[in-house]
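Enquirer: Next input, structure requested:
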Amino acid sequence: MKSPLLFWFMASLLMLNLKNALAKTASFNRNLINYSRSIKNTAINETYLRVADNTTIIKACGIKTAIHFNFVDTVPHLRLQLYKDSLITDDIYIGFKAGASTKYVVNQDAIYFQGFGVISFAGISSDNVKLAIYRVPLPVKSEAIRLYAGAKASGAYKLNMTEMEGIPALYEIWLMDAYEKDSLDMRQNPTYSFNIAKADTNTYGSYRFSLLIRQNPALAFHLLDFTAVKAADGAQISWKTENEQGYTNFTVERSNDGGQTYNGIDSLLSSGLGTYGCLDKSPSNATDQYRLKIRDLNGSVSYSNVVELTYATAGIAHNSIDIYPNPAKGIVNFEMVSGDVSGSNLADTQNKETGYYSIKIINLSGIVIKTGTTNTKTWQTDVSNLLPGTYIVQMIKVNDSSEVGKSAFIKL
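Expert: Numbers count the residues shown, from 1 in each chain. Next comes the predicted model:
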């Protein structure tokens, strides 16, 4: 019979050699997934090393023998832990990646190998495979991930969320307990206490617990407004959103064939500001139709309403209002450039009580922010007190309330 000292020495040497081999392997393949899980008992410490092909590289058992590798991942993820006490724990990793499958996939997930510990904990794929590493896409609406929780003895246990990184606030994370008919918001309370009774198989196994990931409708992305107006140097496209955070992609598309085909003219990633815009400097000599293509964090695509602008001449479109400087910080000048404000028309429509033209500055929510009147072709105002964003300027003929011009400017 080998002495305990000799056994410990041989196990330690094996660990060192395997750790060195892993370091060499990782240097050749940076996509290697290193994951270790330790099930600690009073006498046995078992360590598993898992790689992307889900093969258990080692299973080393020994007295007070341990080796630990860090699992580093940049995708949104969380870790769940089944906890008996500070020495007896088991954990799983759940990562969220666009395009991943909910089924077990080689090189994506890692199969759970149960050792000799007193507790067992795993995620369960949609095709009923127990996994220690499980990658799934973030759900379009909701997704329930079954959890396997087992123990060799009855008693009190805990489920802990020990780590959560990169998961958008849009998603709620709920632990569901089918046995107790209970649920826990794990964003707010990362620890759930429960009991296992070995005489009652409903208190453990594959059908008691599940992790529910679902979108909160109140935090879902909304496109509030999408507009296109003629500007002095092109077509000003503007839109207003909420809950877009920093993971929504926008593409402005234009069609000049009646909406049969659309081509992207500009794209940008959301920044959480809520107000966005772009300038089409080369509108066509025709009727242009604009729409906004929206791609969310799951890759789902939706489109805005279509806005139409018609131009009579080729090249850059000229509106009836010229705005400068644009964008602006303080003083802004407005000049009416259409033939509608010729001297004869001004004489015909003169109204000394109210002025010839009423001017409105409107935000993208349709709220009139500022008003004024003018009896000349020019008007000047200070916009330094306005919030940054895109504003619409509208000029209306006083005598018949007809609109004679509309344009847009950006407040910096």
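Enquirer: For Glu163, name its beta-bridge partners.
Expert: For Glu163, the beta-bridge partners are Arg79 (DSSP bridges).
Enquirer: so who does the closest residue to Pro388 other than its chain neighbours touch?
Expert: Of all residues not flanking Pro388 in the chain, Lys411 sits nearest, at 5.5 Å (C-beta to C-beta, 6 or more residues apart in numbering). Glycine gets a C-beta too; all of them are placed from N, C-alpha and C. If you count contacts by C-beta atoms under 8 Å, 6 or more residues apart in numbering, Lys411 has them with Pro327, Ala328, Lys329, Val383, Leu386, Leu387, Pro388, Gly389, Thr390, Tyr391.
Enquirer: Report the beta-bridge partners for Lys411.
Expert: The partner residues for Lys411, given DSSP bridges, come to Ala328, Gly389.
Enquirer: Could you measure from it over to Ala110?
Expert: Separation of Lys411 from Ala110 (C-beta to C-beta, to the nearest Å): 53 Å.
Enquirer: ditto for Lys397
Expert: Counting by C-beta to C-beta, the gap from Lys397 to Ala110 is 72 Å.
Enquirer: Of the two, which one has the most company?
Expert: Neighbours per residue (other C-beta atoms under 10 Å) separate Lys397 from Ala110, with Ala110 holding more: 27 against 18.
Enquirer: Setting aside sequence neighbours, what's the nearest residue to that one?
Expert: Ile133 (3.7 Å).
Enquirer: pLDDT wise, what is that neighbour at?
Expert: Listed pLDDT for Ile133 reads 95.
Enquirer: doesn't it fall inside a strand?
Expert: Yes: Ile133: assigned to a strand according to DSSP: H, G, I helix; E, B strand; the rest coil.
Enquirer: got any ranges where the stretch 301-412 of the chain has weak pLDDT?
Expert: Applying pLDDT under 70 to the stretch 301-412 of the chain flags residues 311-320, 337-355, 365, 400-403.
Enquirer: one more time with 50
Expert: Counting by pLDDT under 50, the stretch 301-412 of the chain has low-confidence residues at 313-318, 339-354.
Enquirer: tell me, how many neighbours does Lys97 end up with?
Expert: Number of residues near Lys97 (other C-beta under 10 Å) recorded here: 16.
Enquirer: May I have the predicted confidence score for it?
Expert: Reported pLDDT for Lys97: 89.
Enquirer: Three-state assignment for the closest residue to it other than its chain neighbours, please.
Expert: Spatial nearest neighbour of Lys97, chain neighbours left out: Val75 (4.8 Å); criterion: C-beta to C-beta, 6+ apart. Following three-state DSSP, the label given to Val75 is coil.
Enquirer: Val75 contacts Phe96, correct?
Expert: Yes: taking contacts as C-beta atoms under 8 Å, Val75 lies within contact range of Phe96: 6.3 Å.
Enquirer: quick one: which of the two has more around it?
Expert: With neighbours defined as other C-beta under 10 Å, Val75 and Phe96 compare such that Phe96 has more, 22 against 14.
Enquirer: In contact with that one, which residues?
Expert: When contacts are counted by C-beta under 8 Å, 6+ apart, Phe96 is found next to Val75, Pro76, His77, Arg135, Val136, Pro137, Leu138, Gly166, Ile167, Ile213.
Enquirer: if we go to 10 Å?
Expert: 75-78, 135-139, 143, 166-168, 171, 213, 297-298 (C-beta atoms under 10 Å, 6 or more residues apart in numbering).
Enquirer: Give me the buried stretch members for stretch 287-298, please.
Expert: Using 16 or more other C-beta atoms under 10 Å as the test for burial, stretch 287-298 gives Asp288, Gln289, Tyr290, Arg291, Leu292, Lys293, Ile294, Arg295, Asp296, Leu297.
Enquirer: Let's have those residues in TSV, adding secondary structure.
Expert: Shown next, in TSV, are those (three-state DSSP):
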residue	secondary structure
Asp288	strand
Gln289	strand
Tyr290	strand
Arg291	strand
Leu292	strand
Lys293	strand
Ile294	strand
Arg295	strand
Asp296	coil
Leu297	coil
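Enquirer: Rebuild these as CSV, extending it with distance to Ser407 and pLDDT.
Expert: Output for these, formatted as CSV (distance: C-beta to C-beta, whole Å; pLDDT from 0 to 100):
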residue, distance to Ser407, pLDDT
Asp288, 16, 88
Gln289, 19, 90
Tyr290, 16, 93
Arg291, 21, 95
Leu292, 20, 95
Lys293, 25, 94
Ile294, 26, 92
Arg295, 30, 87
Asp296, 32, 81
Leu297, 35, 74
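Enquirer: ok, so of those residues, who is nearest Lys103?
Expert: Lys103 lies nearest to Leu297 out of those, by C-beta to C-beta, at 21.7 Å.
Enquirer: where's the closest one relative to Ser267, distance?
Expert: Taking C-beta to C-beta as the measure, Leu297 falls 16 Å from Ser267.
Enquirer: Ile369 too?
Expert: Relative to Ser267, and taking C-beta to C-beta, Ile369 is found at 29 Å.
Enquirer: Of the two, which one has the most company?
Expert: Using other C-beta under 10 Å as the criterion, Ile369 and Ser267 rank with Ile369 on top: 16 against 13.
Enquirer: can you tell me which residues contact that one?
Expert: Contacts of Ile369 by C-beta under 10 Å, 6+ apart are Lys360, Ile361, Ile362, Asn363, Val383, Asn385, Leu386, Leu387, Tyr391, Ile392, Lys411.
Enquirer: Distance across stretch 396-404, terminal residue to terminal residue?
Expert: End-to-end distance for stretch 396-404: 6 Å, by C-alpha to C-alpha, to the nearest Å.
Enquirer: who touches Val332 in this structure?
Expert: 323-326, 361, 379-384, 386, 391, 393, 409, 411.
Enquirer: Those residues, buried ones only, as a PyMOL selection?
Expert: Buried residues within those, by 16+ other C-beta under 10 Å, are selected in PyMOL with:
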select buried, resi 323+326+361+379+381+383+386+391+393+409+411
